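*Asks:* pasting the sequence and the predicted model now:
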Amino acid sequence: MIPKLTSEPGASEVAAQVRSGALSPLEAVEACIARIEELNGPLNAVIVKDYDRAREAAKALDGQSAEDRPLFGVPMTVKESFNVAGLPTTFGHLEFKDYVVANDSRVVRLLKDAGAIIVGKTNVPPDLADLQSNNPVYGRTNNPHDHSRVSGGSSGGSAVALASGMVPAEYGSDIGSSIRNPAHFNGVFGHKPTFGLISRRGHAHPAAGGRDVHDGPLSVAGPLARSAKDLELLLDVTAERPLLRKAKALKDMRFLALIEHPVSEVDASVRDPIEAAIAMIEAAGATVKRKSDLLPDLAEQHANYMRLLNTAMARGRPGPSGQTMTLADYYLLLDEQARNRYAWADLFTEYDFVLAPPLPFVAYEHDATPITERRITINGKDSAFADALAWAGLATFPHLPSTVVPVGETGGLPCGMQVMGPEWGDLDCIAAAGAIGELTGA
């Protein structure tokens, strides 16, 4: 069974209630605010509240047409790193606690254009650089299933606000599983889009002083929700290009299940629920294979991913050793990335999707150890925490879309599974995750 903490309607249902007249935009906002005020205290997920402007925005929608505005009257939050005009963007740094931005990010503007009402922002780690959300500006976000455990990061507040029922929809970002690990840890859906599908304009570190910056070679923005249907809705209104879909039935899908990785062993707490889900998929008539000669060298891919990730996060600054990657080496690394992308494209001529863990463990206990020094126990063995990012880079390095679907639990803690597909196959990934979710009870 998948542990669920709420039966509150998602974005699609709220939008339908508003369109039918069963709920006014203001009533939807007031109900959302009431849930945040009731539930947020011990969780600390919604850390910037914009209630008064949300109420005014809801009142302004009265009498307006909902036509061509699929999120009309839907209250929601966004990750703290997205600029929302009139609100602070700190990336978790005290020095930027009073840094209030003047303009909405592109994602926020598109959400508002679709009728969404932003009621606040959700918590992150400093620089969006951890798998837990704790910073000196807003404090720590706790997992709603067990407050002694992490929420995930960097979109940790996003997933907690959803899982607990505070909001019907959320928007985050991902470079090292920052959408996928919080979805996995909290039992919700999350989608890491194909690189470049969603604009990151207005999602920039406050150190840039409000100036737009280069997106980098890996980072993406993407939605989180409590259903695949809502993921698709949120993606539709924010995508910068139209997407095609194959619309295959589950029984006709071809999967490659990837549960072994040369860098990172998978703990039984994750392996067992995923294996149970794979058995359900096979029982539904789908084809599931365990090996393929088309897979790229995963150890090499992880090494290159970590090099590119560290380069992207440092933005050209020297690393701990004092060295900086040369321009020539950077271009050679981009060549490696291109070859890796082509290898995955070849694999997806034989398979529709790849199934994999989002991380090799479920939500762990709060740990203040720096991520570069952190250790974790996997199947009773002490392991380097950073090795777990091998499962993040699986989709990130080759720019692939990946949808996390809840598939089970271990000891009351949720477990998710990645559904990866070919570049621009985002809607198919979400649809496949939705079909799998129907089997697992997500």
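*Replies:* That came through fine.
*Asks:* any chance you could map the helices in the stretch 201-350 of the chain?
*Replies:* Using DSSP state H, counting those that start in this stretch, the helices of the stretch 201-350 of the chain run over 228-238, 268-283, 298-314, 327-347.
*Asks:* same question for the stretch 1-150 of the chain.
*Replies:* Residue ranges of the helices in the stretch 1-150 of the chain, as given by DSSP H, counting those that start in this stretch, are 11-20, 25-43, 51-61, 106-113.
*Asks:* the ones you listed into TSV, with extra columns for mean neighbour count, distance to residue 439 and mean pLDDT?
*Replies:* All C-beta spots, glycine's among them, are computed from the backbone N, C-alpha and C. Below are the helices of the stretch 1-150 of the chain laid out as TSV (neighbours: other CB atoms under 10 Å; distance: least, CB to CB, whole Å; pLDDT from 0 to 100):
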stretch	mean neighbour count	distance to residue 439	mean pLDDT
helix 11-20	19	20	98
helix 25-43	18	29	98
helix 51-61	16	37	98
helix 106-113	21	31	98
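*Asks:* can I get these in a markdown table with distance to residue 309?
*Replies:* Formatted as a markdown table, the helices of the stretch 1-150 of the chain follow (distance: least, CB to CB, whole Å):
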| stretch | distance to residue 309 |
| --- | --- |
| helix 11-20 | 31 |
| helix 25-43 | 29 |
| helix 51-61 | 36 |
| helix 106-113 | 22 |
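*Asks:* who's in contact with the residue nearest to the spatial centre of the chain?
*Replies:* Nearest to the mean C-alpha position of the chain, by CA atoms, centre = their mean, lies residue 179 at 1.6 Å. Residue 179 makes contact with 155, 158, 172-173, 190-192, 222, 224, 404, according to CB atoms under 8 Å, 6 or more residues apart in numbering.
*Asks:* again, only using 10 Å
*Replies:* 79, 152, 154-155, 158-159, 170-173, 189-193, 220-224, 358, 402-404 (CB atoms under 10 Å, 6 or more residues apart in numbering).
*Asks:* dump the residue contacts of the closest residue in space to it that isn't next to it in sequence.
*Replies:* Nearest non-adjacent residue to residue 179, counting by CB to CB, 6 or more residues apart in numbering: residue 190, 4.3 Å away. By CB under 10 Å, 6+ apart, residue 190 lies in contact with 152, 155, 158-159, 162, 170, 172, 174, 177-184, 222-225, 231, 358, 402-406, 416, 418, 433.
*Asks:* for residue 236, same thing?
*Replies:* By CB under 10 Å, 6+ apart, the neighbours of residue 236 are 70-71, 114, 223, 242-243, 427.
*Asks:* next step: those residues restricted to strands.
*Replies:* With strands taken from DSSP state E, the overlap with those comprises residue 223.
*Asks:* show the buried residues in the contacts of residue 236.
*Replies:* Burial by neighbour count, 16 or more other CB atoms under 10 Å: within those this picks out 70-71, 114, 223, 243, 427.
*Asks:* tabulate these (CSV), appending distance to residue 373 and pLDDT.
*Replies:* Formatted as CSV, the buried ones among the contacts of residue 236 follow (distance: CB to CB, whole Å; pLDDT from 0 to 100):
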residue, distance to residue 373, pLDDT
70, 45, 98
71, 42, 98
114, 43, 98
223, 33, 99
243, 41, 95
427, 40, 98
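*Asks:* just for the protein, where's the confidence low?
*Replies:* 319-320 (pLDDT under 70).
*Asks:* the domain parsing of it - what is it?
*Replies:* For the chain, automatic domain parsing gives the domain ranges 11-238, 250-440.
*Asks:* if we can go back for a sec, reformat the helices of the stretch 201-350 of the chain as JSON lines; add distance to residue 255.
*Replies:* Formatted as JSON lines, these follow (distance: least, CB to CB, whole Å):
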{"stretch": "helix 228-238", "distance to residue 255": "16"}
{"stretch": "helix 268-283", "distance to residue 255": "7"}
{"stretch": "helix 298-314", "distance to residue 255": "17"}
{"stretch": "helix 327-347", "distance to residue 255": "12"}
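*Asks:* most tightly surrounded among those?
*Replies:* Highest mean neighbour count among the helices of the stretch 201-350 of the chain (mean count of other CB atoms under 10 Å): helix 228-238, with a mean of 23.
*Asks:* what's the closest of the buried ones among the contacts of residue 236 to residue 363?
*Replies:* Proximity to residue 363 was ranked across these by CB to CB; first place goes to residue 223, at 20.9 Å.
*Asks:* look up how far residue 302 lies from the residue lying closest to the closest one once chain neighbours are set aside.
*Replies:* Once flanking residues are discounted, residue 223 sits nearest to residue 234: 3.5 Å by CB to CB, 6+ apart. The gap separating residue 234 from residue 302 is 30 Å, by CB to CB, to the nearest Å.
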